[in-house]
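Student: here is my input; please provide its structure:
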Amino acid sequence: QVQLVESGGGLVQAGGSLRLSCAASGFTFSNYAMGWFRQAPGKERQFVAFINWSGDTTDYADSVKGRFTISRDGAKRTVYLQMNSLKPEDTAVYYCGASFIATMTSAAYRYWGQGTQVTVSS
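Tutor: Just a heads-up that it's a prediction; the model follows:
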């Protein structure tokens, strides 16, 4: 049974930091690129970051470049999103996904987690 379980969300003041985790099970983690997306109320799901299967290629949305860092640990079957210098506009539900290709396109992601809420207060 495939599972992606996000954790680490919460309420933080602007300028603060959070680290999201996404634990994977039920599929061959090392074969998949992993991505983080977010969805704010009334808005479409948007790309945040991806990391390829080996961890040597990453990319970020312009809005988070220099503030967020994606990483993965194959032994733990977990992908992380370190979020620094958080802004109120980062408030959203954050989802991790697994895809055969490293892409910004959400439709390419085969598996999704249930999401974790991040709220940044001003």
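Student: the residue nearest the centre of the chain pairs with what?
Tutor: For the chain, the residue nearest the mean C-alpha position is W36 (2.5 Å; Cα atoms, centre = their mean). W36 forms beta bridges with A49, C96, as assigned by DSSP bridges.
Student: could you pull out the helices for the protein?
Tutor: Here the chain has no helices by DSSP state H.
Student: would you confirm that the residue nearest to the centre of the chain contacts L20?
Tutor: Yes: the criterion here is Cβ atoms under 8 Å, and W36 meets it with L20 at 7.1 Å. For glycine as for every other residue, the C-beta is placed from the backbone atoms N, C-alpha and C.
Student: shared neighbours of those two, which are they?
Tutor: Among the neighbours of W36, those also in contact with L20 (Cβ atoms under 8 Å, 6 or more residues apart in numbering) are L81, Y94, C96.
Student: okay, these in JSON lines with neighbour count and distance to Q13 next?
Tutor: Compiled in JSON lines, these are given as follows (neighbours: other Cβ atoms under 10 Å; distance: Cβ to Cβ, whole Å):
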{"residue": "L81", "neighbour count": "27", "distance to Q13": "18"}
{"residue": "Y94", "neighbour count": "23", "distance to Q13": "18"}
{"residue": "C96", "neighbour count": "30", "distance to Q13": "24"}
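Student: now, which of the residues you listed sits nearest A14?
Tutor: Within the shared contacts of W36 and L20, proximity to A14 (Cβ to Cβ) peaks at Y94, which comes in at 16.9 Å.
Student: what is the neighbour count of the closest residue to that closest one other than its chain neighbours?
Tutor: Leaving aside its sequence neighbours, Y94 sits nearest to R38 (Cβ to Cβ, 6 or more residues apart in numbering; 4.9 Å). Number of residues near R38 (other Cβ atoms under 10 Å) recorded here: 23.
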